[in-house]
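K.L.:
how would this look folded up:
(2 chains)
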There are 2 protein chains.
Amino acid sequence: MNIEHLFIKALKGEKVERPPVWMMRQAGRYLPEYIELRNKYDFFTRVQTPELACEITIQPVDHIGVDAAILFSDILVIPQAMGLEVQLLEHKGPFLPKTINTQKDIDALIVGEDAVASLDYVSKAIKLIKKELNDRVPLIGFAGAPFTILCYMVEGKGSKTFDKAKQFCFSQPELAHQLLNKITDVTITYLHEQVNAGADVIQVFDSWSGMLAPKDFNQFSLPYLNKISDSLSARVPVILFPKGSWYALEELSKSSAAAIGIDWCITPKLARALTQNNKTLQGNFDPCKLLLSIPQIQQEVKEMIDAFGVDRYIANLGHGILPNIPVENAKAFVDAVKNYKSL
Amino acid sequence: MNIEHLFIKALKGEKVERPPVWMMRQAGRYLPEYIELRNKYDFFTRVQTPELACEITIQPVDHIGVDAAILFSDILVIPQAMGLEVQLLEHKGPFLPKTINTQKDIDALIVGEDAVASLDYVSKAIKLIKKELNDRVPLIGFAGAPFTILCYMVEGKGSKTFDKAKQFCFSQPELAHQLLNKITDVTITYLHEQVNAGADVIQVFDSWSGMLAPKDFNQFSLPYLNKISDSLSARVPVILFPKGSWYALEELSKSSAAAIGIDWCITPKLARALTQNNKTLQGNFDPCKLLLSIPQIQQEVKEMIDAFGVDRYIANLGHGILPNIPVENAKAFVDAVKNYKSL
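P.N.:
Purely as a prediction, here's the structure:
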């Protein structure tokens, strides 16, 4: 990149005039342009066709004006690449007909280059996106965190509590760590391929780590987050987002990651205190609040930035944008950050 | 009560030789004796027939040896009493065909004595249970917290995120507070009826408060929890359990409640620090861990009590017991607490 983008400066901890802003799931169902493509192509066709993934990735840059693009893809491409069938039905969530339960299941997983080779369409999409973006904004690549991927591989579908996956970890920890290591290795290779293709930043989504007690997080999630961050951080800034794991903030502030994502269930003040004010934080607007009136959104955004401070901060939601958010409200959120004046 | 029960002593902050123990949803599907009745009678028949509710309430006292009984009922009897139909289908969760959206919907709700009169079967059940228990252990009465009841009334069913309910609160706060006040008033009257009938302790379940940001919890949950606690605490000890709202512990430690329930996502040490060591805490075993081997359960229980300390502590799970827990494991959990030696 030739220009020093605001998003990169915030990740490096450099002083900025205002925080950068993007939204998790910004390339998604609240955008009419996305719905048009969704009505024509099924989910994995959109993910696996570089031209479609490129078009969808760039939509929120063009229509909403975010400061970063994030690759349109899914965290479940990793189980797919490792040999598990993944069905993604609209309105029903993911379904994996074959789940992981035994040593034999783990042994049968595809690993190494063989797994990552099948994700070649991602590199192609990233190269295309980088060309089309033409350095307007940086591109975020991503993957699911190993614990979250284990959750889906063992549970076979979404769940409120992922009891089956947690029971697998607690009652067969050796198998769980074998599985987590395999997922981690494939994920690291995959993310390096994303960087090779042009991804400027990597985010790791640990969507379900918040269901773990602190000591179990330290055993089944944290080591693998750190392994990924340590491997990638030498090349690009890494953002770790273990949703709900507020209790890990102090430990994560010692990690190699450039930034930590947080949800809305922790105050900016406490998050700053727990990270000793030395990490870039990303978050934490409650996605439901994008249904407020535009003046109310503006007010809430101002309060949020006041509380986090302008530096070492990336404005974002605390989770993905909801499908029923009016486009003008999403835009109002982004504009409110862009127009923020600290004085 | 003639004897000073361990459970009551812990709630009063008196010194005890070991912590008392019970389990949320202890009268539930992991018990073969419960399954027998479930196969004969539908859910609301079990709830509304005093003899059945009595039998189910006492099952875990007889078969597991817990130190407290909790009334077999459901938090959704309050929406029912206020005039909303509630269907409870096995394996599908609750469904309310008519939801609350407008001023007119709120105006149409039944309140006051008219609402509570329809819950007369609860008082009858409590009187029967007290007689059958014959002072072996105290009886806990309960209700859902107003915010959680609002969630179901507005959303109409369970949800991972209760977006619709939260959006109702955020975008129409005046209506939300009207609804919360109506629910609170009915709940207070209902809980006093439970105490009149013989309930020794009251627990208030705020199952979904953990989905609120701290400042929204302070607006939509906390005032109503306090109102209920303030009204009941003069008569019996009150336990508040706002699941997931770890951020509220400091504020809740100033409430009139005798105890605060916590889930497993906070360490005992931090929970003690946030409550200035002056509240009885209840929790916080991860329900999934009841699937560990019995020696492992014993070890985890020991570590938990070591961390909380023996006094001002009630051993419990951090959420309801899962249906697939073997009875011997549930019993091992209870026995491990009973056999705890601090030396």
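K.L.:
Is A:K302 in contact with A:A336, as I believe?
P.N.:
Yes: A:K302 is within contact range of A:A336, at 7.0 Å (criterion: CB atoms under 8 Å). Any C-beta I mention is one placed from the backbone N, CA and C, and that applies to glycine too.
K.L.:
These two: which is more packed in?
P.N.:
Neighbours were counted for A:K302 and for A:A336 using other CB atoms under 10 Å in any protein chain shown; A:A336 has more, 22 against 16.
K.L.:
what about the closest residue in space to the more buried one that isn't next to it in sequence, how many residues close to it?
P.N.:
Excluding the flanking residues, the one nearest A:A336 by CB to CB, 6 or more residues apart in numbering or on different chains is A:V301, at 3.8 Å. Neighbourhood size, A:V301 [other CB under 10 Å]: 24.
K.L.:
Kindly report the same for A:E4.
P.N.:
Using other CB under 10 Å, the number of residues around A:E4 comes to 10.
K.L.:
And for A:N277?
P.N.:
A:N277 sits with 13 neighbouring residues when counted by other CB under 10 Å.
K.L.:
Spell out which parts of chain A neighbour chain B.
P.N.:
Proximity of chain A to chain B is confined to A:158, A:160-161, A:163, A:166-167, A:170-171, A:210-216, A:244, A:246-247, A:264-267, A:270, A:286-289, A:291-293, A:319, A:322 under the rule CB under 8 Å from any CB of the partner chain.
K.L.:
Return the subset of the residues you listed lying in helices.
P.N.:
The members of these that map onto helices under DSSP state H are A:163, A:166-167, A:170-171, A:214-216, A:270.
K.L.:
Just the endpoints, please. Distance across stretch A:203-210?
P.N.:
Using CA to CA, to the nearest Å, the end-to-end distance of stretch A:203-210 comes out at 17 Å.
K.L.:
contacts for that stretch?
P.N.:
Residues outside stretch A:203-210 that contact it (CB atoms under 8 Å, 6 or more residues apart in numbering or on different chains): A:70, A:75, A:140-145, A:147-148, A:151, A:162, A:165, A:217, A:221, A:225, A:228-229, A:238-246, A:248, A:261, A:263, B:265.
K.L.:
Tell me which of those fall in strands.
P.N.:
A:70, A:140-144, A:238-242, A:261 (DSSP state E).
K.L.:
sorry, back to before: my guess is the residue nearest to A:A336 meets A:Y340, correct?
P.N.:
Yes: at 7.3 Å, A:V301 and A:Y340 qualify as touching, with contact defined as CB under 8 Å.
K.L.:
which residue is nearest the centroid of chain A?
P.N.:
Centroid check for chain A by CA atoms, centre = their mean gives A:F205 as the closest residue, at 4.2 Å.
K.L.:
Could you look up the SS state of it?
P.N.:
strand (DSSP: H, G, I helix; E, B strand; the rest coil).
K.L.:
Tell me the bridge partners for it.
P.N.:
Using DSSP bridges, the bridge partners assigned to A:F205 are A:G144, A:F241.
K.L.:
Equivalent analysis for A:I260, please.
P.N.:
A:L240, A:L281.
K.L.:
Could you spell out the sheet neighbours of the lowest-mean-pLDDT helix or strand in chain A, each with its direction?
P.N.:
Ranked by mean pLDDT, DSSP states H and E, the weakest helix or strand in chain A is strand A:87-89, scoring a mean of 86. Strand A:87-89 has the following sheet partners, assigned by DSSP bridges: strand A:93-95 (antiparallel).
K.L.:
Please identify the buried residues of the partner strand?
P.N.:
For strand A:93-95, the neighbour count (16 or more other CB atoms under 10 Å in any protein chain shown) marks A:P94 as buried.
K.L.:
which is the next helix or strand following it?
P.N.:
Sequence order places helix A:103-107 as the next helix or strand after strand A:93-95, per DSSP states H and E.
K.L.:
which strands and helices sit next to the very next helix or strand once past that following helix?
P.N.:
Using DSSP H and E, the helix or strand that follows helix A:103-107 in sequence is helix A:112-117. With contacts taken as 3 or more CB pairs under 8 Å, 6 or more residues apart in numbering or on different chains; DSSP states H and E, helix A:112-117 sits against helix A:173-197.
K.L.:
What angle do helix A:163-171 and the helix it packs on make with each other?
P.N.:
In terms of direction (axes from the mean of the first three to the mean of the last three CA atoms, to 10 degrees), helix A:173-197 departs from helix A:163-171 by 110 degrees.
K.L.:
Thank you kindly, that will do.
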